[in-house]
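# here you go, sequence then predicted model.
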Amino acid sequence: MKKFLLSLTCALAAFALYADRLTLADGSVINGTLKSITGGTAVVTTDFAGEIKIPADKIVKLNTVGAVEIATEDGTRVTGKITTREAATGTEGEAVAAETTAQNPVALPLTNIKYLWTEGMEDPTLPPKRKWDGEFSVDIAGKTGNSEKFNGGAGIIANLVGPVDKLKLYAMANYGRENHNTNTKKYIGGVDYERKLNESKANWYANYEIEQQTTSGLRLRNAFGAGLGYYFFEEANTSLRFRAGLTGVTRKYTDGSHNDATGAEASLRYERDIQEWGKWVTMLTYQPTFDNIHDYRVLHESSLDIPVLFQYPLSLRLGILNEYNSRTAQGADRMDTSYFAKMVFKWK
């Protein structure tokens, strides 16, 4: 038992030597990896509690085992390890950046540190950059026996998100056969762009979508839209967006007829992360035309993402899609309802 306790003590001592050390105003000491200081908050990764956040003004002593980047309130930038010593008056809180890569050690008060970040992290003093993220989805369903059925689909979405704007590119395809006859053949592609107005909750947007759906009588549809939007709330785990604008639609049918129309658009989109295991998305869009109030399109989609493996960005998406077109080719249904289950791979 004594050997075990001695080994444990030595291991803890060794960990302390190779860990960043933070001493707080109440005397408590935290050993871990200091990731950043920004917005008055220090982020530390520990073995006992994972990632924790500490008010930076509570730190009275700071020692790092590796080099960090520092930016002060007056714009001074320092690169190097940090050790803390008592000032000549006996007060605590003066940090010395030793082993700097570009200059001699510099003494500065801890309270002057505005930003601190480690190698590989983005420089918080620079304007935020646009970032790409997106997803790829695939779904397959089939049946054999009295009838032969097959349905398959795939889609890809790429988002370029910046501090004041968002760009979305997307494409999807769906194909189905029943008893060796094609009954579903649908292709959609589009682009959507929005930009904030004076960094407020309001924004302007523009989008374009092209669709081919030969089995429903629609050979080609082109849709353009532009207008204003507003986020009632936009937080890390939930958002509600409203849009209203003008649209233009051109439709060509397999029977040779065509229809061009201009109109309006109103939509609501709600997103919410459900704790750490899922994501709920609901969208409702209404598109009436100006030429004929009886010519309109209503689109509703709701889906729930459920992680398959928490350590990998792979999810199962369950949802429903309702599309109602008041004007269709002769013999085609106005309401098209789809239930779907997709495997979704998300990337950042």
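Nice, I can see it.
# which residues does T337 bridge with?
Beta bridges link T337 to N322, judged by DSSP bridges.
# tally of neighbours for it?
When neighbours are defined as other C-beta atoms under 10 Å, T337 has 11 of them. C-betas here are computed from N, CA, C, even on glycine.
# hang on, isn't it packed against L321?
Yes. The pair T337 and L321 passes the contact test of C-beta atoms under 8 Å, sitting 7.2 Å apart.
# where exactly do the strands run in the stretch 51-200 of the chain?
59-63, 68-72, 77-85, 94-98, 106-109, 113-117, 131-143, 149-161, 165-178, 181-196 (DSSP state E, counting those that start in this stretch).
# care to break the chain down by domain?
Domains of the chain are assigned by automatic domain parsing as 2-117, 131-347.
# output those domains in a markdown table; the columns should cover distance to D123 and mean pLDDT.
What follows is the domains of the chain, written out as a markdown table (distance: least, C-beta to C-beta, whole Å; pLDDT from 0 to 100):
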| stretch | distance to D123 | mean pLDDT |
| --- | --- | --- |
| domain 2-117 | 7 | 74 |
| domain 131-347 | 14 | 88 |
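# got those as a markdown table, with distance to T125 columns?
Below are the domains of the chain laid out as a markdown table (distance: least, C-beta to C-beta, whole Å):
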| stretch | distance to T125 |
| --- | --- |
| domain 2-117 | 5 |
| domain 131-347 | 14 |
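# any chance of CSV for the strands of the stretch 51-200 of the chain, columns distance to D295?
Output for these, formatted as CSV (distance: least, C-beta to C-beta, whole Å):
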stretch, distance to D295
strand 59-63, 65
strand 68-72, 58
strand 77-85, 61
strand 94-98, 69
strand 106-109, 69
strand 113-117, 56
strand 131-143, 31
strand 149-161, 28
strand 165-178, 25
strand 181-196, 20
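# could I get the ones you listed in CSV, plus columns for distance to A223 and mean neighbour count?
Compiled in CSV, those are given as follows (distance: least, C-beta to C-beta, whole Å; neighbours: other C-beta atoms under 10 Å):
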stretch, distance to A223, mean neighbour count
strand 59-63, 55, 19
strand 68-72, 47, 20
strand 77-85, 50, 18
strand 94-98, 57, 19
strand 106-109, 58, 14
strand 113-117, 44, 21
strand 131-143, 22, 14
strand 149-161, 18, 16
strand 165-178, 13, 16
strand 181-196, 8, 16
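# out of those, the one nearest P124 is which?
Nearest of these to P124, taken as C-beta to C-beta: strand 113-117 at 4.8 Å.
# dihedrals phi and psi, D47?
phi -80, psi -30 (degrees, to the nearest 10).
# oh, and call the first residue 44 from now on, that's how I've got it
With 44 as the first residue, the last one maps to D90.
# quick one, what contacts the closest residue to it other than its chain neighbours?
Excluding the flanking residues, the one nearest D90 by C-beta to C-beta, 6 or more residues apart in numbering is G75, at 7.1 Å. Applying C-beta atoms under 8 Å, 6 or more residues apart in numbering, we find G75 in contact with A62, D63, L65, V87, T88, T89, D90, I95.
# and if you look at K244?
Per C-beta under 8 Å, 6+ apart, neighbours of K244: Y273, Y274, F275, E277.
# so the second one versus L240, what's the distance?
What that stands for is Y274. Noted for Y274: a distance of 11 Å to L240, by C-beta to C-beta, to the nearest Å.
# mind checking which of those two has more residues around it?
Set Y274 next to L240 and count neighbours by other C-beta under 10 Å: Y274 wins out with 17 against 13.
# for the residue sitting nearest the centre point of the chain, give its distance to D316.
Ranked by distance to the mean C-alpha position of the chain (C-alpha atoms, centre = their mean), the top residue is D176 at 6.8 Å. In this structure, D176 and D316 are 15 Å apart, going by C-beta to C-beta.
# what's the answer for V111, then?
According to C-beta to C-beta, V111 and D316 sit 31 Å apart.
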